[in-house]
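Peer 1: Next comes the sequence, and after it the predicted model I'd like to discuss.
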Amino acid sequence: MTERARYQDVIENLRLLYRLSEFNPVVIGTPPLGIAIESSDIDIACSAEDLSHFGNTVKLQFGDLQEFRLRSVDHLSNPAVVASFIALDWQIELFCQELETDDQWGVRHFRVEQRLLTIEPELRREVLELKQQGLKTEPAFAHLLKLPGNPYEAMLDLAENSDGELREIINHRSQSDPRPNSETQ
């Protein structure tokens, strides 16, 4: 199997952010975090006052791409429209809610995960290992940080913490679960 294009190149080649600009797009998910695995997709969160306008626009812009699919997600507290398709060997998912993108769970998860990986880069390797074993991203982080309860909600709760508080959570994890360091430096 040939190596896929870099996610940034796919976004640029398809002009995704330009074509979605009226919907305040934010690239989220595992590729920009450096924790993508072979099955990872490109996720872009969007916001629209009118979800049907978003649906019509993405159908017009991307409807001719491989496996294009448009669906409504009504079981969330804030309904969403999701468009998905394949381009340049990547599955791409465009997720849109009426909520501002910065307030959406996916963006909030992404931002706290980004902060955690900046504070403790070693988490990247550990999260990748768990993802390769089948865990989703938020449950992997929650497991490593020993967060109780629903991992998606627990990760949202972390978003309210300062970097110092996040560092304490990371350090507490390391102290309560010492791991032998098999690598010599």
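Peer 2: That came in fine, so what should we check first? Numbers count the residues shown, from 1 in each chain.
Peer 1: Tell me where this structure has strands.
Peer 2: For the chain, strands defined by DSSP state E occupy the ranges 26-28, 42-47, 66-73, 80-87, 90-97.
Peer 1: Once you drop chain neighbours, what's closest to the spatially most central residue of the chain?
Peer 2: Taking C-alpha atoms, centre = their mean, the centroid of the chain lies closest to residue 29, which sits 2.0 Å from it. Distance criterion C-beta to C-beta, 6 or more residues apart in numbering; nearest residue to residue 29, sequence neighbours excluded, is residue 43 at 3.5 Å. Quick note: C-beta positions are derived from backbone N, CA and C, even for glycine.
Peer 1: now do residue 27
Peer 2: Closest residue to residue 27 apart from its sequence neighbours, by C-beta to C-beta, 6+ apart: residue 44 at 5.5 Å.
Peer 1: wait, doesn't the one you found sit right on residue 91?
Peer 2: No - counting by C-beta atoms under 8 Å, residue 44 does not reach residue 91; the two are 12.0 Å apart.
Peer 1: Give me the more crowded residue out of those two.
Peer 2: Taking other C-beta atoms under 10 Å, residue 44 and residue 91 do not tie; residue 44 has more neighbours (23 against 15).
Peer 1: Need the per-residue pLDDT for the more buried one.
Peer 2: Listed pLDDT for residue 44 reads 98.
Peer 1: Check the gap between it and residue 111 for me.
Peer 2: Separation of residue 44 from residue 111 (C-beta to C-beta, to the nearest Å): 15 Å.
Peer 1: Residue 3: neighbour count?
Peer 2: The number of residues near residue 3, taken as other C-beta under 10 Å, comes to 6.
Peer 1: typo on my end, residue 8
Peer 2: By the criterion of other C-beta under 10 Å, residue 8 has 12 neighbours.
Peer 1: is residue 93 in a bridge, and if so with what?
Peer 2: Using DSSP bridges, the beta-bridge partners of residue 93 come out as residue 43, residue 84.
Peer 1: Quick check, residue 65 in contact with residue 88.
Peer 2: No - the pair residue 65 / residue 88 is not scored as a contact, 9.9 Å apart, by C-beta under 8 Å.
Peer 1: what about residue 168, distance to residue 114?
Peer 2: 18 Å.
Peer 1: let me fix that: residue 97
Peer 2: The gap separating residue 97 from residue 114 is 20 Å, by C-beta to C-beta.
Peer 1: picking that back up, who's in contact with the residue nearest to residue 27?
Peer 2: Counting by C-beta atoms under 8 Å, 6 or more residues apart in numbering, residue 44 touches 11, 16-17, 20, 25-28, 92-95.
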